[in-house]
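A.B. asks: Below is the sequence, then the predicted model.
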Amino acid sequence: MSLFKARDWWSTILGEKEEFDQGCLCVADVDNSGSGQDKVIVGSYKGYLRIFNPHPVKPGDEVQPEDLLLEVQLREPILQVEVGKFVSGTEGLHLAVLHCRKLCVYAVSGTQGNVDHGNQYQIKLMYEHNLQRTACNMTYGPFGGVKGRDLICIQSMDGMLMLFEQESYAFGRFLPGFLLPGPLAYSSRTDSFITVSSCQQVESYKYQVLAFATDADERQDTEQQKLSSGKRLAVDWVLNIGEQALDICVVSFNQGVSSVFVLGERNFFCLKDNGQIRFMKKLDYSPSCFIPYCSVQEGAINTLIANHSKMLNVYQDVTLKWATQLPCIPVSVKVANFQDLKGVIVTLSDDGHLQCSYLGTDPSLFQAPKVDSREINYEEMNAEMKELQKIIREATKTQDVLPESEKQRDVTVTAEVSPDLDEESQATDSEVKAGAVPSVTVKITIQSRVTAQKPSLAVCVQAPLAVTCDQFVFDDLEPDSSETVVLSVFLKENCSPSELEGTCMVSYNIPTGIPRVAQCNFSLPLKLICFPAQPSKAANHKLTIDTNKPPVSFVTMFPDFVDPSEGDQANALGFEFLTGSKTTLLASKTSQRYRIQSDQLEDLWLVTKELIHRLEIHFKKQNCKDFACTFSGSIPLQEYFELIDRHFELRLNAEKFRELLSERAVQFRAIERRLLTRFKDKTPAPLQHLDTLLEGTFREVIALADAAEENQANMFQAFAKLKSATHLVIMLISLWQKLSTDQVAILEATFLPLAEDTQELGWEETVDAAVSYLLRTCLSKSSKEQALTLSSQLSMPKDTSRLKKNITLFCDRLAKGGRLSLSTDSAAQQAAVMPGGCATIPESDLEERTIIPGSTAMFSSNGQITKQKSKP
């Protein structure tokens, strides 16, 4: 038990699933009993009005039925309750209830009971005002210095102050520069209204200025305002506090001094009547509500400030005097007097926990029990220690990330791709120029073994592919239940994707509140982005894949692309992509080889990947475990470098467009300032063709923006082509050098580090850094290369010459027997792996070589670099 815990004097829970806020609590002698004992008035957003008279037999007792004097349900939500002299002809206290579109004033009266059931209380409607605008909050007081009665001021959601002289409506005024409503308070000493605007300024408006300002109902355009008789609403004083305010309270415990207290999000302010800061306190917590009250010390004011850590702090000016723990987070706090017990703290939480407490301490009465003295058995302790160490060793051997009980996932997600394309395409807003863009259906099923709270499904495919719907939100899943959604995938952009894969991810909370994620991947069919076409004999780019098994008929491997009527004689197959390019697949009749050819290097990737994938599936069904594919040709680095240069050129163009746009925007704003100065000048002056210059600059900005947008689209397509070519180069290197799965993973992480390309972090500098790291670690020739340090900051290079040299050197090191590894002892491993009779090419000689335009740099399987001069 905490020593500094609020002593519970009386508490109760209001209703079920009701909501409360700052203005829903009020304490006053609302029934005019004359005993000086306050009643607790509470209104809820569900429209319930309750009045309590707490009087426990002893502190901490449960609430008694007679403590609830009145409970009535009104038809509208209750925003705020206040008690004051709101009825003319009497100085008795009445209850004002603010609804969204109505203000009601009630008289609360009690009838003494004649039997044991006690007194009976009831409310009587004295008058009501129907509001033309939605209300936010209200304040009351003797506006204009009236005696013996209180007037009401209501602030609407659109910034209008509506003032009511009890049963009649007085006038309405709009606050200048209004955006969002803030807290509102009235200072009787200065006869002014104080609020905090959305500009984070404390503003004060005199009542007399409001009364003589232009009527809100007559606020029209400037010509109408000039004809009206009112004056413009002017602010009395303004103070910038630099943050939003939670509440405002005006107190005057001394006749000569009045203070304005403002509770901000991180600071607590005390202001004088004229807006000057008397003192302020920086809070190291997030406050929720506050209330100032009279201090026993002369000239000081005590303040209760509650925060979201369930703490209630007591300050005397800026000095913390006491801190106490509360059972909940209060949204409103008051100080009341009950049964000769003065200064009871009344708090209300947003879920209806109403508590009356007082400050004090609870001494700890716990005493540690005596420990029975017993002899220590060292043999049993050693046996237990060995058993525990054995359990620890067994647990560390498994290397499981999740415990044994969580190996079976609580929620599983599966994706089933339809084997056939949709009969009616679901493609929408596709930019593909083909006549009909096909789509394929994906059925996603979520199964839950336990209760899954707030599950949401996200489906992701890489651009230029798109889905008809990528976000789904479900209700809570019960144990052993499932949810199924159906969506379609199609090609949206006018370029071929680099991958035909997608990801489904489900995020949810288990009953203990811990977030969890389940995901699965799915593969899309090749016929989604291409269709059968006539094979082509001539092509610019050709690849040959060798196998160790006889060639397989295309009718068996590609039944969805080959007409069955052709039989086993079909040894050539054509693919035409939706973007218009074509790729041809040839199978040798005499050797165990397959040739893939196309006019574009990037178009070879998906067909080559699909060929190898279907070959592996075919021989796996035949229980053939020694099937392997190899590549004995030359790696087309020069064609690959052309794609890199094209992508980098578009990046440079994007940077130039950005600089030109910045220059034209500065010029446009400068011309605008000149024109505004001319237009505001009382004496007309010639424009000196500034308007013509402004129009010309505007057209340049629009033209540059269009060009930048077109360049961005071209760069997206270039990056998609570059990724496809990069996948192809990685596959060829892995088949060429027979790399393991781990080495292929390192290769993919090196050349495919980014899912998206941006100006701040581009593909060229990222790959250059990764390749340079491998050249200085696992592919290094000496310890001197390992000692070289790499730049820690990535920036856009001036050209791609260094990147192309590093990629060429990277392939050369692999050809000499180098192996990819992330181990720190890569130099020693490399020395052991390098063949002894292989003479390495000096790096300086390699870097000095220049690639002749029009030539093709190739790596053959024997590790030699060859150059072929193109014929003119």
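C.D. replies: Happy to help now that I have it.
A.B. asks: Helices along the stretch 101-250 of the chain, start to end?
C.D. replies: 207-212, 222-227 (DSSP state H, counting those that start in this stretch).
A.B. asks: what comes into contact with the first one?
C.D. replies: The contact list for helix 207-212, computed with C-beta atoms under 8 Å, 6 or more residues apart in numbering, reads 143-144, 161, 163, 171, 173, 191-193, 230-231, 233-234, 236. C-beta: built from backbone N, CA, C; applies to glycine.
A.B. asks: From these, pick the one nearest N711.
C.D. replies: Proximity of the contacts of helix 207-212 to N711 (C-beta to C-beta) peaks at L233, which lies at 51.8 Å.
A.B. asks: returning to what we had before: for the helices of the stretch 101-250 of the chain, which has the smallest mean pLDDT value?
C.D. replies: Per-stretch mean pLDDT for these is lowest at helix 222-227 (a mean of 39).
A.B. asks: Could you pull out the buried residues of stretch 527-542?
C.D. replies: 527-531, 535, 539, 541 (16 or more other C-beta atoms under 10 Å).
A.B. asks: Sorry, wrong one. I was asking about stretch 615-634.
C.D. replies: For stretch 615-634, by 16+ other C-beta under 10 Å, it's 615, 618-619, 629, 631, 633-634.
A.B. asks: Worst mean pLDDT across the helices and strands of the protein, which element?
C.D. replies: Lowest by mean pLDDT, DSSP states H and E among the helices and strands of the chain is helix 843-848, with a mean of 37.
A.B. asks: can you give me the helices for this protein?
C.D. replies: Assigned by DSSP state H, the chain shows helices spanning 207-212, 222-227, 378-398, 554-557, 604-621, 637-680, 690-737, 741-751, 763-776, 783-787, 801-815, 826-833, 843-848.
A.B. asks: Would you mind putting those helices into JSON lines with distance to C469 alongside?
C.D. replies: What follows is the helices of the chain, written out as JSON lines (distance: least, C-beta to C-beta, whole Å):
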{"stretch": "helix 207-212", "distance to C469": "53"}
{"stretch": "helix 222-227", "distance to C469": "50"}
{"stretch": "helix 378-398", "distance to C469": "40"}
{"stretch": "helix 554-557", "distance to C469": "34"}
{"stretch": "helix 604-621", "distance to C469": "25"}
{"stretch": "helix 637-680", "distance to C469": "32"}
{"stretch": "helix 690-737", "distance to C469": "23"}
{"stretch": "helix 741-751", "distance to C469": "30"}
{"stretch": "helix 763-776", "distance to C469": "30"}
{"stretch": "helix 783-787", "distance to C469": "51"}
{"stretch": "helix 801-815", "distance to C469": "40"}
{"stretch": "helix 826-833", "distance to C469": "47"}
{"stretch": "helix 843-848", "distance to C469": "52"}
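A.B. asks: Go through these and name the closest to S456.
C.D. replies: The nearest among the helices of the chain, by C-beta to C-beta, is helix 690-737 at 28.2 Å.
A.B. asks: Could you list every helix and strand in contact with that closest one?
C.D. replies: Counting contacts by 3 or more C-beta pairs under 8 Å, 6 or more residues apart in numbering; DSSP states H and E, helix 690-737 is packed against helix 604-621, strand 629-630, helix 637-680, helix 741-751, helix 801-815.
A.B. asks: quick one: low-confidence parts of the stretch 251-400 of the chain?
C.D. replies: Along the stretch 251-400 of the chain, the parts satisfying pLDDT under 70 run over 254-256, 362-374, 397-400.
A.B. asks: now the strands for it?
C.D. replies: Along the stretch 251-400 of the chain, counting by DSSP state E, counting those that start in this stretch, strands occupy 257-264, 267-271, 277-282, 287-294, 301-307, 311-316, 319-325, 330-338, 341-349, 353-358.
A.B. asks: Identify whichever of these lies nearest to Q73.
C.D. replies: In terms of C-beta to C-beta, the element of those nearest to Q73 is strand 353-358, at 17.3 Å.
A.B. asks: neighbouring contacts of that closest one?
C.D. replies: Contacts of strand 353-358 (C-beta under 8 Å, 6+ apart): 6-14, 40, 42, 52, 54, 326-328, 336, 338, 341, 343-348.
A.B. asks: Quick one: closest of the helices of the chain to C249.
C.D. replies: Across these, closest to C249 is helix 207-212 (C-beta to C-beta), at 18.5 Å.
A.B. asks: quick one: the closest one to chain centroid distance?
C.D. replies: Chain-centre distance of helix 207-212: 46 Å, with C-alpha atoms, centre = their mean, to the nearest Å.
A.B. asks: what's around Q297, how many residues?
C.D. replies: Neighbours of Q297 under the rule other C-beta atoms under 10 Å: 10.
A.B. asks: tell me the contacts of it?
C.D. replies: Q316.
A.B. asks: mind checking how far it is from F253?
C.D. replies: For Q297, the distance to F253 (C-beta to C-beta, to the nearest Å) stands at 11 Å.
A.B. asks: Over to S536?
C.D. replies: For S536, the distance to F253 - C-beta to C-beta - is 95 Å.
A.B. asks: go on, L528?
C.D. replies: Taking C-beta to C-beta, one finds L528 at 78 Å from F253.
A.B. asks: next one: L180
C.D. replies: In terms of C-beta to C-beta, L180 sits 32 Å off from F253.
A.B. asks: So for these two, which residue has more residues nearby?
C.D. replies: F253 (15 against 12).
A.B. asks: what comes up buried for stretch 596-613?
C.D. replies: Under the neighbour-count criterion of 16+ other C-beta under 10 Å, stretch 596-613 has 596-598, 600-611 buried.
A.B. asks: so where's this protein shaky on pLDDT?
C.D. replies: For the chain (pLDDT under 70), the answer is 1-3, 60-61, 113-118, 215-231, 254-256, 362-374, 397-408, 564-569, 782-792, 823-872.
A.B. asks: Show me the domain layout of it.
C.D. replies: 6-215+232-359, 411-526, 529-615, 637-816 (the TED database).
A.B. asks: Identify the residue nearest L14 in space, chain neighbours excluded?
C.D. replies: Nearest non-adjacent residue to L14, counting by C-beta to C-beta, 6 or more residues apart in numbering: G352, 3.6 Å away.
A.B. asks: Contact partners for the one you found?
C.D. replies: G352 is in contact with 13-15, 18-20, 44, counting by C-beta under 8 Å, 6+ apart.
A.B. asks: show me where the stretch 101-250 of the chain has strands.
C.D. replies: Using DSSP E, counting those that start in this stretch, strands in the stretch 101-250 of the chain cover 102-111, 120-130, 135-141, 151-156, 160-165, 168-174, 184-187, 192-196, 201-206, 237-240, 245-254.
A.B. asks: ok, the third one: who's next to it in the sheet?
C.D. replies: This points to strand 135-141. strand 151-156 (antiparallel) (DSSP bridges).
A.B. asks: what about the residue nearest to D757 when sequence neighbours are not counted, neighbour count?
C.D. replies: Of all residues not flanking D757 in the chain, F719 sits nearest, at 4.7 Å (C-beta to C-beta, 6+ apart). Neighbour count of F719, defined by other C-beta under 10 Å: 22.
A.B. asks: Relative to C26, how far out is F719?
C.D. replies: Look at F719 and C26: by C-beta to C-beta, they are 64 Å apart.
A.B. asks: likewise A185?
C.D. replies: A185 is 15 Å from C26, by C-beta to C-beta.
A.B. asks: Kindly report the same for E91.
C.D. replies: Distance from E91 to C26, by C-beta to C-beta: 19 Å.
A.B. asks: Name the residue in the two with the higher neighbour count.
C.D. replies: C26 (24 against 11).
A.B. asks: contacting residues for that one?
C.D. replies: 40-42, 81-83, 334.
A.B. asks: Show me the two of those residues that sit farthest apart.
C.D. replies: Farthest apart among these - using C-beta to C-beta - are V40 and E82, which lie 13.6 Å from each other.
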